[in-house]
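Asker: Sequence first, then the predicted structure, then my questions.
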Amino acid sequence: MLVRSDDPKRTAERLKPVVEALAAADIHAEVVEFDDDHPDDWRRNLEKASGVLVWADPLTDRGPRSTLDAQLTEIALAGTWVSAHPGVIRKIGTKDVLVTTRGLPWGTDSFAYPTPDIFREFFPDRLAKHGTLVVKGDRGNGGRTVWKITLLEPHRAPPAAAPTATVMVQHARLRDDTHTVTTLGQFMTDRSQIYTAGAGSGHLVDQPYEAGIAEGLIRCYVVRSTVVGFALQGASDSDASPAGHDSRKPAVLGVPAPKTMVPSDQPEFRALRHRLEDEWIPAMRSLLDIAPDQLPVLWDIDLIQATSNAPELTGFVPGFVLCEINASSVIPFPPEAPSALASAVAEILSS
């Protein structure tokens, strides 16, 4: 079990339930820290390992996980089982999944900007069209590379917002209503560092702002293709935006870190679980050419509820918008997840 985070010792402590579940399945697991200063040290443990389970944040204070991903790809090619594989993370665990799966029921009008020139050319038009957009770096965690930008001069918008247009910007990592007012041109210049991250492989995507985020997220935990639990991650009553809130005025962006775990068989989530397992996950796999056995042994899908005041109908599933998929380092997780993960690992290693 390989860990890379800003606080690897705390991460290792939080993974004890997984170690214990694996032990109960007769699988010995050791938690090893990835050290950016000595990136090859952890590989000395590989000789006795049948596989590598990875909990490595997309970004830490040391930067992206590019070196680690190259190593994991190499050892996977040599025959060692790795989960999650960097190639699968590239397909589902970056913000590009918002664009590649926008045709699915959870999709929205998302757009990717693979180069700075494309960002400069098309972003002003999209901001004029939507008024408010959420701009995301392709890799990130904890809201590090997520900004909400609102055009404060919509009457001057069509056909595109000018570089001198006034915008309000909020950073999701702050998880409050802190904001700055600047020009569109300055905002776009400030985002240029994303394109130099990860040895120049970083880029931006956007999606329309979904007001339902003010009510929080539903995090859906998945072991391979099976939903093993949910987490409700919502804003406090004091943070929630009132009905009819003007998006041009600052509201809390981001949701609090604490989560309320909910078992997968909770009646009110039954319809969502079936929709995920029977429709959305298979459709995503087919679209992105991912075999069932290539899915991570533990990953999660973050959804924003897009339908307010849904009718109380049996089996009714309100609209959801995909916020992101986490496949790099899923923690915390529901109490049911470790045993399900251990069973999946045992099946994989015995096949």
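Answerer: Thanks, I have it.
Asker: okay, and for the stretch 201-350 of the chain, where does confidence drop off?
Answerer: Low-confidence segments of the stretch 201-350 of the chain (pLDDT under 70): 235-257, 307-318.
Asker: Show me where it has its strands.
Answerer: For the stretch 201-350 of the chain, the strands defined by DSSP state E, counting those that start in this stretch occupy 204-208, 217-223, 226-233, 260-263, 299-305, 320-326.
Asker: Adding distance to D61 and mean neighbour count, write the ones you listed out as TSV.
Answerer: No exception for glycine: its C-beta is placed from N, CA and C like everyone else's. Output for the strands of the stretch 201-350 of the chain, formatted as TSV (distance: least, Cβ to Cβ, whole Å; neighbours: other Cβ atoms under 10 Å):
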stretch	distance to D61	mean neighbour count
strand 204-208	21	22
strand 217-223	24	24
strand 226-233	24	21
strand 260-263	28	14
strand 299-305	23	22
strand 320-326	19	23
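Asker: Could you export the ones you listed as a markdown table, including distance to S110?
Answerer: Rendered in a markdown table, the data for those read as follows (distance: least, Cβ to Cβ, whole Å):
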| stretch | distance to S110 |
| --- | --- |
| strand 204-208 | 4 |
| strand 217-223 | 17 |
| strand 226-233 | 21 |
| strand 260-263 | 27 |
| strand 299-305 | 13 |
| strand 320-326 | 9 |
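Asker: just so I know, which of those strands lies nearest V134?
Answerer: Ranking the strands of the stretch 201-350 of the chain by their distance to V134 (criterion: Cβ to Cβ) puts strand 204-208 first, at 5.5 Å.
Asker: got the angle between that closest one and strand 299-305?
Answerer: Strand 204-208 and strand 299-305 are oriented at 40 degrees to each other (axes from the mean of the first three to the mean of the last three Cα atoms, to 10 degrees).
Asker: Name the surrounding residues that touch strand 204-208.
Answerer: Applying Cβ atoms under 8 Å, 6 or more residues apart in numbering, the contact partners of strand 204-208 are 95-96, 98-99, 108-113, 119, 123, 126, 130, 132-138, 191, 194-195, 321.
Asker: Pull out the buried residues from those residues.
Answerer: Neighbour-count burial within the contacts of strand 204-208 applies to 95-96, 98-99, 110-113, 119, 123, 126, 130, 132-138, 191, 194-195, 321; the criterion is 16 or more other Cβ atoms under 10 Å.
Asker: What about the contacts of strand 204-208, which are in strands?
Answerer: Cross-referencing these against strands under DSSP state E gives 111-113, 132-137, 321.
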